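Asker: Return a 3D structure for these sequence lines:
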Amino acid sequence: MVASLGIVLPAYNEEARLGPALDELFAYLCAAPAGALPETVGVLVVDDGSTDGTAALVRARSEFAEDGRPGRRQCPTLALLSVPHGGKGSAVRAGMLAAEGELLVFADADMATPRISCRGCWPRSKPPTSRWAAASSPTGRTCGLPSRASAGS
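Answerer: The predicted model follows:
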């Protein structure tokens, strides 16, 4: 298992959906059994030039860390990166370049990505060799986070 996980959430005018999505994500991260996730976990919201209160919502959360440094798995942290509006691809790229972690994944702000464990994405002997390799495993399986559709499954 990798020692650290960075989760990137691109967001554009997601004030209405982001709060419940972060509630769901942090509930999942904090409830994961020992060994299911890397020891260090950080969540980075990339505000893609939102004109609503997306950035303010992130800053107001208890998980928000001013320094943006990832926290221990029992206490994951939340960071914010604000970029000029460039679209989802640009926000994902900026987040993947700015996030910290041996393994980087991204999910939509609505948490629509299917839930699977990142634990099985890479064999211990073959961690990803590139920050961009974090999108899928060597076998082609994608690494995802909890989704509303799979909640409780």
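Asker: Can you give me the distance of Pro76 to Ser4?
Answerer: 11 Å (C-beta to C-beta, to the nearest Å). In this view, the C-beta of every residue, glycine as well, is placed from N, C-alpha and C.
Asker: who touches both of these two?
Answerer: Common contacts of Pro76 and Ser4 (C-beta atoms under 8 Å, 6 or more residues apart in numbering): Val41, Gly42, Pro70.
Asker: Format those residues as JSON lines; extra columns: neighbour count, pLDDT and distance to Gly95.
Answerer: Shown next, in JSON lines, are these (neighbours: other C-beta atoms under 10 Å; pLDDT from 0 to 100; distance: C-beta to C-beta, whole Å):
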{"residue": "Val41", "neighbour count": "24", "pLDDT": "92", "distance to Gly95": "15"}
{"residue": "Gly42", "neighbour count": "23", "pLDDT": "94", "distance to Gly95": "11"}
{"residue": "Pro70", "neighbour count": "25", "pLDDT": "74", "distance to Gly95": "13"}
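Asker: Filter those down to just the ones in strands.
Answerer: Of the shared contacts of Pro76 and Ser4, the ones assigned to strands by DSSP state E are Val41, Gly42.
Asker: elements contacting the lowest-mean-pLDDT helix or strand in the chain?
Answerer: In the chain, no helix or strand scores lower on mean pLDDT, DSSP states H and E than strand 71-72, which sits at a mean of 72. Strand 71-72 is packed against strand 40-48, with contacts defined by 3 or more C-beta pairs under 8 Å, 6 or more residues apart in numbering; DSSP states H and E.
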